[in-house]
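Engineer: I'll drop the sequence and a predicted model, then ask my questions.
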Amino acid sequence: MRAALLALPIVAIAAAPLGAQSARVRSTTTARYAQLRPIRYDTVSGSYVAEPVASATPLTQDVEISAWGFGVQGLRAYGLVRGRTALGSDLVWPRFDDHFDALYAFLELERPHYRVRAGRQQRASGLGFYAFDGLTATVRPWATVRVEGYGGRGLARGFLEPQNSEAIRSLDPLRPDKGTLLLGASFWAAPSAGSSFSAIYQRELLSDRSGLVSERAALDARVSVSRLLALSGSADADIALGAWGRARLGALVRIGRRSYVEVEAFRYKPLLDLTTIWGAFAPEAHRGVSASLHVSPKRSLALTSSFTYRRYEPLSSGTPFLVDIQDDAKQFAVGAHWQGGNLALDGSYRLQLDFGGAQSGGDVSAAFARPDGWRLGARGVAFQRDEAFRVTNGTVYGAGLEARGPIGDRVYVRGELMRYLHRKLSGQAALDWNQTRALLSLEWTFGANPDRSGALR
Amino acid sequence: MIARGLGSLIVVAFAATAASVSAKPPRATPPRGGDAAADSFPHARHARLFTSCTACHAGIPAGDTATARPSPELCAGCHDGSLVRQVTWSPGPPRPTNLRFDHRRHAGRVPLPCATCHASALDAALMDVGAARPDRCLMCHRQGSAGHLDQASCDRCHVSLAQATRLATSAIARLPKPPSHDSTWVLGHPSQASSAVCATCHTRDFCALCHVNAATVDEIKNLAGDARVAALVRNRSATYPTPEFHRADGFFRAHGFMAEADVRSCSNCHARESCLGCHRAEERVAPVAALPRRTRGGAFGVDLSGVRPPDHGPDHLTRHRVPAAGGDATCSRCHAPTFCASCHDASVALRFHSADFVERHSEDAYTRENDCAACHQTEAFCRNCHRMTGQSRTRAPIGRFHDNQPLWVFGHGGVARRAIENCASCHEQRDCLRCHSASLGWKVNPHGRGFDPAIGDRNPAMCRTCHLHGPPSR
């Protein structure tokens, strides 16, 4: 199957003699270096001990190809494939034992009033990201209305392998040994310039149709009451369980061109597949409110602040042995950005308290950022964690350098280097963050670059 | 200043006194338009010597260029060095002009006195003359408007710029701008453009500075090309004014249909690349494909790179869920899948999470500040990494994690129901079944408040994970 998916864009490219007018290729190579210090349970001492510091150097190679002009108006082949390997790593970085993935690989026919897409595709909706190998048909009777249907072999949510893939079953043998079928339909309408509404229904079945994996629906809406006020809301429902999942209702008030304040009330409850027992544990929802303020009195200055409060259901199985479990959680954050000439300064601070533990942390950075896109900067971070559910408490300091910018018209490089120092360790054997992390990324574009301002021609 | 420059260009050949008379070699001075005082020959000083124009310009009425201007010998008759100082003079070439003018028709069949056109003023003294000025022409040749540059047509008096081959590039650069050519002129000029009028001052090269479709517009194709104009516009960038209807509410939404209806209009200003700035994946769509491509040396077209739709305000990054929820048929009109993946794809996401997010992600995970599962598969992403670092252990002794509370397990249910996804990021289902299986283990009932046994009807296999012989009958 992988070979067939990979073959789609390759065949399309190779068919250039048929009259392909153009193609775009983008290559992104990302190498990272990370140090980790795993911990191990020592059955003799009955405690955890720290292993020596180990390193990992995962290398990711993405290639994006878009080709069209095969003699049929509106026909395009698109592929985004990813190769992974490790460069001399002591650790197997997650997913890097799988050396190839086709994130997207489809043929698409786009016409003014409809679109048909066949192959591997990912779908972002109010239900999150879902990937599948199949067919999507979109009808646009008017510019403001769209109806879509899709279906095919389902892939695990947030993953590019089937639900019964060995990669997942090795981590949980009780996962089903069958694949899934994914079917869905969506409707989108934009009754006015600042308003839109969408609804989606999606059903996942085991491939032998012996059971349901999930049956969900989501609604999203946004209404611009005026130029200054916009209301938005969303909700999803687990039809299989007959329960509401997440929901939010927010109001955004614009203050001038670059400033806004937003308040929101929300509810969170996970939507869990029926292929695991997690849903049978009757997970409970939490509710909350948040407010955020983004003030930008002038283009060079932006100030942000936010506050979120969450309230959880009281513990239903509390015992004297379970201590210090809070029923609410609070989060504060402030940030600032200033740019004067070629100098850019950023800073932020965040504080989280109560359920889920406590953490406070801040970042500061100063950078020389030229208009041509080059940026050279230094960065410092510090964060402190404490309280519930922690393996290790303590304070982490970090400092590092970053550089990024274009080399010519078609090459973009980025590099980062950070060194972290973990202090005031307390608690158990350390899963410490005394480590070095680095990243080097090289992006190369041939043809028009789809998503960079001042796109290459 | 420019008007005066033009005046100098339409000086009649008769006034070719640019061939100066002086005691010294002539000094190159720019001609000054239509002003008698600027005439390089001091006609007024010779007023008493010459009683008629034809005494020196005998050939003008007959169109005889050989005798249109005085000979050096005629000057030397006085300027012989004894009576008055000696001068050197010889007739120079005719002054470069783009005028379509014939003295014979004005001085012959229609016997206009020379002063009608060349006197510095209508009541000027004899020989107070200079280059003819356009306003004198308009005394007879007016087409409604009084102003020279307001005339309805130019070709009655002027040849096309391409035909005026002797005009220097610098003179072309000084051609005056008619009052009609104000800042809004460019938006309406198609309806007023006719090749004959435009060709007086413009060649194809000038139009091609802005018109991406210059090669396909008849009015532009009918214009001749000209190397002088091409040199003038080379490396110049065009400024495209925004048409009023582009500012109207609803234009953004309707512009696609407008393009489908009449993409030729769009192609005056927009190259295919203009559209690709937003419609980045849609070069194959008919209206976009119908636009001409931007070419090296050709018009750049309106540069829309960096332009955002009206709803992409400063809050859009945090608020894009609703439009994105419409499916990628919305976003993909402008964004390639990699654009979403650059934030949402955990494997290479360089922007969505802060650089050290992995070090401090646990709080966000507990509170579900972001819906991790929207992008991450719990087993393959969370559990895999937690196992690698030793934080996740199947069948580990109870109580060492979770704040080192040995009896944590006796009260963990409520916490688990609050954040079951967090449990799953380390624990696999078998860990729970050690106690919670109805058929094995400690047979502890895990079903919390609000549990609906009917879910077993949707997928009985889930129930049989614990209830090996099927769920109890309800």
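Structural biologist: Thanks, I have it.
Engineer: tell me which element B:Met139 falls in.
Structural biologist: Element membership for B:Met139 (DSSP states H and E) is helix B:134-141.
Engineer: report the buried residues of that helix.
Structural biologist: With burial defined by 16 or more other Cβ atoms under 10 Å in any protein chain shown, the residues of helix B:134-141 counted as buried are B:Pro134, B:Arg136, B:Cys137, B:Leu138. All C-beta spots, glycine's among them, are computed from the backbone N, C-alpha and C.
Engineer: where are the low-confidence patches of the stretch 151-300 of chain B?
Structural biologist: B:193-195, B:277, B:280-284 (pLDDT under 70).
Engineer: mind listing the helices for it?
Structural biologist: Listed in chain order, the helices of the stretch 151-300 of chain B (DSSP state H, counting those that start in this stretch) span B:169-173, B:185-192, B:195-198, B:204-207, B:218-221, B:227-233, B:251-261, B:263-266, B:272-276, B:286-289.
Engineer: and the ones you listed: which comes nearest A:Ser226?
Structural biologist: A:Ser226 sits nearest to helix B:251-261 of all these, at 18.0 Å, using Cβ to Cβ.
Engineer: contacts for stretch B:183-191 next, please.
Structural biologist: With contact meaning Cβ atoms under 8 Å, 6 or more residues apart in numbering or on different chains, stretch B:183-191 is reached by B:Cys210, B:Glu219, B:Pro241, B:Pro243, B:Glu244, B:Asn268.
Engineer: which of the buried residues of helix B:134-141 sits closest to chain A?
Structural biologist: Checking these against chain A by Cβ to the nearest Cβ gives B:Pro134 as the nearest, at 44.9 Å.
Engineer: any idea of the pLDDT on the closest one?
Structural biologist: Model confidence at B:Pro134, given as pLDDT, is 81.
Engineer: could you report the neighbour count for the closest residue to it other than its chain neighbours?
Structural biologist: Nearest non-adjacent residue to B:Pro134, counting by Cβ to Cβ, 6 or more residues apart in numbering or on different chains: B:His148, 3.9 Å away. By the criterion of other Cβ atoms under 10 Å in any protein chain shown, B:His148 has 20 neighbours.
Engineer: any idea how far B:His148 is from B:His189?
Structural biologist: Distance, B:His148 to B:His189, using Cβ to Cβ, to the nearest Å: 20 Å.
Engineer: repeat for B:Arg293
Structural biologist: Taking Cβ to Cβ, one finds B:Arg293 at 24 Å from B:His189.
Engineer: next one: A:Ala56
Structural biologist: A:Ala56 is 64 Å from B:His189, by Cβ to Cβ.
Engineer: cool, and A:Thr275?
Structural biologist: Distance from A:Thr275 to B:His189, by Cβ to Cβ: 67 Å.
Engineer: who has more neighbours out of the two?
Structural biologist: Per other Cβ under 10 Å, whichever of A:Thr275 and B:His189 has more neighbours is A:Thr275, with 26 against 14.
Engineer: wait, isn't A:Val63 in contact with A:Val25?
Structural biologist: Yes: between A:Val63 and A:Val25 there is a contact at 6.9 Å, judged by Cβ atoms under 8 Å.
Engineer: and the spatially most central residue of chain B, what is it in contact with?
Structural biologist: In chain B, the centroid-proximal residue (Cα atoms, centre = their mean) is B:Val302; its distance is 2.6 Å. Contacts for B:Val302 (Cβ under 8 Å, 6+ apart) come out as B:Tyr240, B:Cys269, B:His270, B:Ala271, B:Ser274.
Engineer: try 6 Å this time
Structural biologist: When contacts are counted by Cβ atoms under 6 Å, 6 or more residues apart in numbering or on different chains, B:Val302 touches B:Tyr240, B:Cys269, B:His270, B:Ser274.
Engineer: strands of the stretch 101-250 of chain A, residue ranges please.
Structural biologist: Assigned by DSSP state E, counting those that start in this stretch, the strands in the stretch 101-250 of chain A fall at A:114-125, A:128-142, A:145-154, A:180-192, A:195-206, A:212-224, A:229-238, A:243-255.
Engineer: fine by me, thanks again.
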